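Chemist: Fold the following and give me the result.
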Amino acid sequence: MYEKVRTLLSFAGNIAKEKEPEKLIPMLADLAKNMLDVDRCSLFVYDEQSKKLYTIVAHGGVRIEVDADKGIVGESFRTGETLVVNDAYAHPKFNKEVDLSTGYRTRNILASPLIDSKGKVIGVFQAINKLKGEFKEEDVEFLTLLSVYASDSLEASMLYKKLREAYEETITRLSYAAEYKDPETYNHIIRIGLISSFIAERLGFDKDYCYNLKLAAPMHDIGKIGIPDSILLKKGKLEGEEWEIMKKHTIIGYEILKDSSSELLQMAARIALEHHEKYDGTGYPYGKRGEEISPEARITAIADIFDALTSERPYKPAWSVEETLKYMKSIAGSHIDPRIFNVLLENIDEILKIKEKYRD
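Modeler: Just a heads-up that it's a prediction; the model follows:
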C-alpha cells in the first residue's frame, strides 16, 4: 500500500498541472497501469462512422481496432457497465481474434466505460493481465474513478478537435474564396498549405510553426479580393497601370490580416505581403532580399511555384516534374531561396505524394 500511495502522489502533481487532454490521457493510462499492477492498459474511443472502437493509448505500442459489438471492451461499451473478467478465455464474450493478431496472451481483463457529460458512452478504459492474482473490488473502484477523469479529458479533446477542424475548414474556404475568380482549384489551396508545412518541418521549424503555416500559406493571395475584375480577369498581359494595381494585392492582403492578435493570421499577413519578393531583391512590393523576407513567405513562394507549374490549368498544360525542377533550379538564388529549394528537391518523392493525394 505504501508503494501505491507513493505512486499516486508522484503522478498527482503532474496530472493536476496538465491542461492538454492529449498529454493527460496517456498519463492516466500510465497511472492505471502502475496502481492496478497490470501488464498494460488501453483506452478505446468509439468511431461513429466505422462503428468500431480503436485505441488512442495502448501500452505495448500496437494500435487495436475492434467492432463495437465484439469482445469484453465491446460489451462494456454496449452496456455501459464495468466488467471484471478473471479468466478471459472462459468468458463467452472474449474476442480471441485480437490475441491471434497481436501474438499477445490475455489472462484477465478489467474494462470500465467512458461516459461523457450527456451520459453517452464514448469509449472504454481497459486494464489487462493483473501481474499478481485477480482483479478485486478496490481495482474496480480505482479504474472507475480514473475513467471519470479520462472521460472529461477525452470529451474536451474531441470538442477541441471539432472546433479546430471547423476553424481549419473556415480558413481554407476563405483562402479559396480569394482565389475564386482565378482558375485555381480548391485542392491547389490545400496542397500549398501541406507542401509549405512539410518543407518547414524538414527545415527544423517547430510543430506550432508548421501547423500555422499549413493554414497561413493558402491565404497568400487573399488581397486579390480588392483588385477590380477588369484587371483580375483580363485575358492577356497586364499593361502599365494595370500591373501596378495588380501588384497592390500584396499590400491589400497584408492590411486585411495585419491587426489580428492571432499568430496564425500575423504569419498570413507576412506571407501575403512578401510572397512576390525575390531572393535577389528584384521582387515587389518593397524589393526585400534574402533573409529580409520572412521564411514563411520564402517557403510559400516555392510551394506555390512548384504546384502551379506542375498543375494543369485552362490556359496551360501541366509541366512535367523534371521541367519544373529544372526551371526552379535556374531561378534558385535569384528568384527563390536556394536552401529551401534544395529541401524541396531532396524530398520530392514525399511532396509528390501530397500532390497525388490531393490531386485536382
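
Chemist: Any idea how far apart the tips of stretch 307-322 sit?
Modeler: Using CA to CA, to the nearest Å, the end-to-end distance of stretch 307-322 comes to 13 Å.

Chemist: and it, which residues are buried?
Modeler: 307, 308, 309, 310, 311, 319 (16 or more other CB atoms under 10 Å). (Each C-beta comes from the backbone N, C-alpha and C, glycine too.)

Chemist: same deal with stretch 289-305?
Modeler: 293-305.

Chemist: what does stretch 208-219 give?
Modeler: Buried-residue list, stretch 208-219, by 16+ other CB under 10 Å: 209, 210, 211, 212, 213, 214, 215, 216, 217, 218, 219.

Chemist: ok, now stretch 71-88?
Modeler: Those would be 71, 72, 73, 74, 75, 76, 77, 82, 83, 84, 85, 88, for stretch 71-88 by 16+ other CB under 10 Å.

Chemist: ok, so of these, who is nearest residue 284?
Modeler: Checking the buried residues of stretch 71-88 against residue 284 with CB to CB, the nearest one is residue 77 at 59.1 Å.

Chemist: Got phi/psi on the closest one?
Modeler: phi -60, psi -40 (degrees, to the nearest 10).

Chemist: ok, now which ones touch the nearest residue to it once chain neighbours are set aside?
Modeler: In space, and not counting its chain neighbours, residue 77 is closest to residue 124: 5.2 Å by CB to CB, 6 or more residues apart in numbering. Counting by CB atoms under 8 Å, 6 or more residues apart in numbering, residue 124 touches 43, 44, 53, 73, 76, 77, 111, 112, 113, 114.

Chemist: name the element the fourth one belongs to?
Modeler: Just to be clear, that refers to residue 73. Per DSSP states H and E, residue 73 falls inside helix 71-79.

Chemist: From the contact counts, what lies against that helix?
Modeler: strand 38-47, strand 52-58, strand 65-67, strand 83-85, strand 109-115, strand 121-130 (3 or more CB pairs under 8 Å, 6 or more residues apart in numbering; DSSP states H and E).

Chemist: Give me the residues contacting it.
Modeler: Contacts of helix 71-79 (CB under 8 Å, 6+ apart): 42, 44, 46, 53, 66-69, 82-83, 85, 88, 91, 93-95, 98, 109, 111-113, 121, 123-124, 126.

Chemist: mind listing the helices for the stretch 101-250 of the chain?
Modeler: 137-178, 186-202, 207-216, 229-232, 240-247, 249-257 (DSSP state H, counting those that start in this stretch).

Chemist: Out of those helices, which gets nearest to residue 28?
Modeler: That would be helix 137-178 among these, by CB to CB, at 5.1 Å.

Chemist: what is the mean pLDDT for that closest one?
Modeler: For helix 137-178, mean pLDDT is 80.

Chemist: What is it packed up against?
Modeler: helix 21-36, strand 38-47, strand 109-115, strand 121-130, helix 186-202, helix 207-216.

Chemist: how about the ones you listed, which one is nearest residue 269?
Modeler: helix 207-216 (8.6 Å).

Chemist: Return the distance of the closest one from the chain's centre.
Modeler: Here the centre of mass of C-alpha atoms in helix 207-216, compared against the chain's by CA atoms, centre = their mean, to the nearest Å, lies 10 Å away.

Chemist: Kindly report the same for stretch 95-107.
Modeler: Counting by CA atoms, centre = their mean, stretch 95-107 comes out at 31 Å from the chain centroid.

Chemist: Restrict it to CA atoms and write it as PDB.
Modeler: These are the backbone C-alpha positions of stretch 95-107, laid out as PDB (Å, rounded to 0.1, in the frame of the first residue of the first chain):
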ATOM      1  CA  ASN A  95     -12.600 -11.800 -28.600                       C
ATOM      2  CA  LYS A  96      -9.700 -14.200 -29.300                       C
ATOM      3  CA  GLU A  97      -9.000 -12.500 -32.600                       C
ATOM      4  CA  VAL A  98      -7.100  -9.700 -31.000                       C
ATOM      5  CA  ASP A  99      -4.700 -12.100 -29.300                       C
ATOM      6  CA  LEU A 100      -4.300 -14.000 -32.500                       C
ATOM      7  CA  SER A 101      -3.500 -10.900 -34.500                       C
ATOM      8  CA  THR A 102      -1.100  -9.400 -31.900                       C
ATOM      9  CA  GLY A 103       0.500 -12.600 -30.500                       C
ATOM     10  CA  TYR A 104      -0.400 -11.400 -27.000                       C
ATOM     11  CA  ARG A 105      -1.900 -13.800 -24.400                       C
ATOM     12  CA  THR A 106      -4.700 -12.200 -22.300                       C
ATOM     13  CA  ARG A 107      -5.500 -13.800 -18.900                       C
END
